[in-house]
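K.L.:
3D model of this:
(chains A and B)
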Protein chains: 2
Amino acid sequence: MSRQLFERVALIGIGLIGSSLARALRRDSPGTKLVACARRTETLAAVRRLEIADDTTHDPAKAVEGADLVVVATPLSAYAEIGERIAPALKDGAIVTDVGSVKQAVIRDLGPHIPRGVHFVPGHPVAGTEHSGPESGFAELFRDRWCILTPLPETIPEAAARVGRMWEDCGMRVVKMSADHHDKVLAMTSHLPHLIAYTIVGTATGLEESLKSEVIEFSASGFRDFTRIAASDPVMWRDIFLNNREAVLEIVQRFTEDLTALQRAIRWGEGDKLQELFTRTRAIRRSIIEAKQA
Amino acid sequence: MSRQLFERVALIGIGLIGSSLARALRRDSPGTKLVACARRTETLAAVRRLEIADDTTHDPAKAVEGADLVVVATPLSAYAEIGERIAPALKDGAIVTDVGSVKQAVIRDLGPHIPRGVHFVPGHPVAGTEHSGPESGFAELFRDRWCILTPLPETIPEAAARVGRMWEDCGMRVVKMSADHHDKVLAMTSHLPHLIAYTIVGTATGLEESLKSEVIEFSASGFRDFTRIAASDPVMWRDIFLNNREAVLEIVQRFTEDLTALQRAIRWGEGDKLQELFTRTRAIRRSIIEAKQA
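P.N.:
Next up is the predicted model:
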């Protein structure tokens, strides 16, 4: 990134995603002024120590003053209050975007607060690790990952294009879709896998002590992969499930039916059914490798 | 490995595990004669092309002639017939071991065929990848992984110790436990994770076309990790589920109860319950990192 898309960027929430974006902007667009806003004093102290922003504040309204881009990057449950607080301070012509993993709820919570003359571009850079907080961020987090934008019918195309260019400059491939479709796709590819991983690791913690320590010792045989996913940020994920409730419950229901069918096949010794499914799922892995996502 | 523990080793089944062991023995114990036995002509052709055995045969009885170690490394459903066929040809004083992922069923299927004077040491090198076949093997597969031996009360300690030394020479940490306990631990750490991964990838294949292609595109957000596990060998895994039925069904039942509780918490907006679990599962990840299994 050598061009400067924005003069002043306000990052409301500066965890893994916010701080990774700050690092990428710092590196590639040194002329851009960065203001970081967080609720916790320790978070802002870390931001100052890491030198990833020009200014820090607890006050979202102060943070957005004069900003031509505002990026909301907090857990979803904070969006409505943030919208309310920043609304009066937003500069005319500013763009407000976000990084939330659910998009209909963001439009519901943030949308009504966006004043006329300010452009709202809901977005989701699909990137992350199981770590959280500003120390965990790194500029390369976004490289070769997807960024999904879900602009509203009234969003002017230029605003979405500028947000898209920023993410492209971070190395992302940008795609547009409706918020409704986004929430269904992510329920399957991200929310269900996380829910399942949290569940299975929870099931393991419920085992009698004699088994539990061995589950940890022998975790390399499959379980370990789930524990990495189930180490993701608890508050962020609580908010995702509560805010994408319908799509998640629908896909959990399908999953449960499929698991019950497999359970039944095991109980009744129906090996052909198991083998048929396992052969089918192996092919999916090949599709992912071909799509260069593995 | 510089010592030669065995003069002649018969490998009955030469897929990922069998061929990896062959490679390790070839490299570290070049004086050991290796005989590979497989049902399929292509498999034996691959073994000859890879030069990982001194001799190849379709006949298990012929393979074990004169062998002081026999390693059964086929899917579990073949064990009973293999036991029957090798029994008359086993050398007095030979050791029979295996690499199966379930141990009670192996004792049930192979045990009755082992003649007096032959030592039976059921074993499970807990290592693998999602690939299968003799081409997928590599000598380093076992490095720093666990090998679980489940010797019977009547097994002489020396026989188990020699099998253990062979796996240690491959870089494994060897531990002993009862077959019953092994099957419970692996049901949780390996069999349930695989069943869940197969299920979730199956659920994705059942989606309407418009969603399915995007699930592949956006798989990096969690789903991808499951597809790797769900690409594991279909026949091997069919046999594992059918042969560890009780332990698997018991743990699936617990998992389903836990998932239902989470589903309910999402439906009723009980964020505190979600956050409490997600905080607990994050701690498990830390235990695994401390146990150096991550």
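K.L.:
count of neighbours near residue A:4?
P.N.:
By the criterion of other Cβ atoms under 10 Å in any protein chain shown, residue A:4 has 12 neighbours. Heads up, the C-betas are built off the backbone N, CA and C, glycines and all.
K.L.:
residue contacts, the residue nearest to residue A:241 when sequence neighbours are not counted?
P.N.:
Nearest-residue entry for residue A:241: residue B:266, 4.9 Å, with adjacent residues in sequence omitted and distances by Cβ to Cβ, 6 or more residues apart in numbering or on different chains. Going by Cβ atoms under 8 Å, 6 or more residues apart in numbering or on different chains, residue B:266 touches A:241, A:242, A:245, A:248, A:249, A:252, B:274.
K.L.:
what's the angle from the host helix or strand of residue B:266 to helix A:245-267?
P.N.:
Using DSSP states H and E, the element containing residue B:266 is helix B:245-267. With axes from the mean of the first three to the mean of the last three Cα atoms, to 10 degrees as the basis, helix B:245-267 and helix A:245-267 are set at 170 degrees to each other.
K.L.:
which stretches of the stretch 151-294 of chain A form helices?
P.N.:
Applying DSSP state H, counting those that start in this stretch to the stretch 151-294 of chain A gives helices spanning A:157-169, A:179-186, A:192-205, A:209-217, A:223-229, A:234-243, A:245-267, A:271-290.
K.L.:
the shortest one vs chain B: in contact?
P.N.:
It stands for helix A:223-229. Yes: counting by Cβ under 8 Å from any Cβ of the partner chain, chain B has neighbours in helix A:223-229: A:223, A:224, A:225, A:226, A:227, A:228, A:229.
K.L.:
so which of the residues you listed wins on neighbours?
P.N.:
Ranked by neighbour count (other Cβ under 10 Å), these have residue A:226 at the top, with 30 neighbours.
K.L.:
which residues are in contact with the nearest residue to that residue once chain neighbours are set aside?
P.N.:
Leaving aside its sequence neighbours, residue A:226 sits nearest to residue A:197 (Cβ to Cβ, 6+ apart; 4.3 Å). Taking Cβ under 8 Å, 6+ apart, we find residue A:197 in contact with A:226, A:227, A:229, A:230, B:222, B:281.
K.L.:
these two touch, right, the fifth one and residue A:186?
P.N.:
In this case it means residue B:222. No: if you go by Cβ atoms under 8 Å, residue B:222 and residue A:186 don't touch, sitting 9.2 Å apart.
K.L.:
alongside chain B, which residues does the stretch 1-150 of chain A contribute?
P.N.:
A:77, A:126, A:127, A:128, A:130, A:145, A:146, A:148.
K.L.:
distance to residue A:10 and neighbour count added to the residues you listed, as CSV?
P.N.:
Listed next are the residues of the stretch 1-150 of chain A next to chain B as CSV, based on distance: Cβ to Cβ, whole Å; neighbours: other Cβ atoms under 10 Å in any protein chain shown:
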residue, distance to residue A:10, neighbour count
A:77, 20, 16
A:126, 23, 25
A:127, 21, 23
A:128, 21, 24
A:130, 27, 16
A:145, 23, 19
A:146, 24, 20
A:148, 22, 25
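K.L.:
now, the residues you listed that are in helices?
P.N.:
Among these, DSSP state H puts none in helices.
K.L.:
from the residues you listed, which is closest to chain B?
P.N.:
Lowest distance from chain B to these (Cβ to the nearest Cβ) belongs to residue A:126, with 5.0 Å.
K.L.:
in PyMOL, how would I select just the buried ones from the contacts of residue B:266?
P.N.:
Of the contacts of residue B:266, the buried ones go into a single PyMOL selection, burial set by 16 or more other Cβ atoms under 10 Å in any protein chain shown:
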select buried, (chain A and resi 241+242+245+248+252) or (chain B and resi 274)
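K.L.:
what is the burial count for residue A:42?
P.N.:
For residue A:42, using other Cβ under 10 Å, the count is 10.
K.L.:
need the contact list for it.
P.N.:
Contact criterion Cβ under 8 Å, 6+ apart gives no residues in contact with residue A:42.
K.L.:
please report how far it lies from residue A:251.
P.N.:
36 Å (Cβ to Cβ, to the nearest Å).
K.L.:
swap in residue A:30?
P.N.:
Applying Cβ to Cβ to residue A:30 and residue A:251 gives a distance of 43 Å.
K.L.:
mind checking which of these two has more residues around it?
P.N.:
residue A:251 (24 against 8).
K.L.:
that one against residue A:189, yeah?
P.N.:
No: using Cβ under 8 Å, residue A:251 is not in contact with residue A:189, being 9.9 Å away.
K.L.:
follow-up on the earlier one: would you format the residues of the stretch 1-150 of chain A next to chain B as a markdown table with pLDDT included?
P.N.:
Shown next, in a markdown table, are these (pLDDT from 0 to 100):
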| residue | pLDDT |
| --- | --- |
| A:77 | 97 |
| A:126 | 95 |
| A:127 | 92 |
| A:128 | 90 |
| A:130 | 88 |
| A:145 | 94 |
| A:146 | 95 |
| A:148 | 98 |
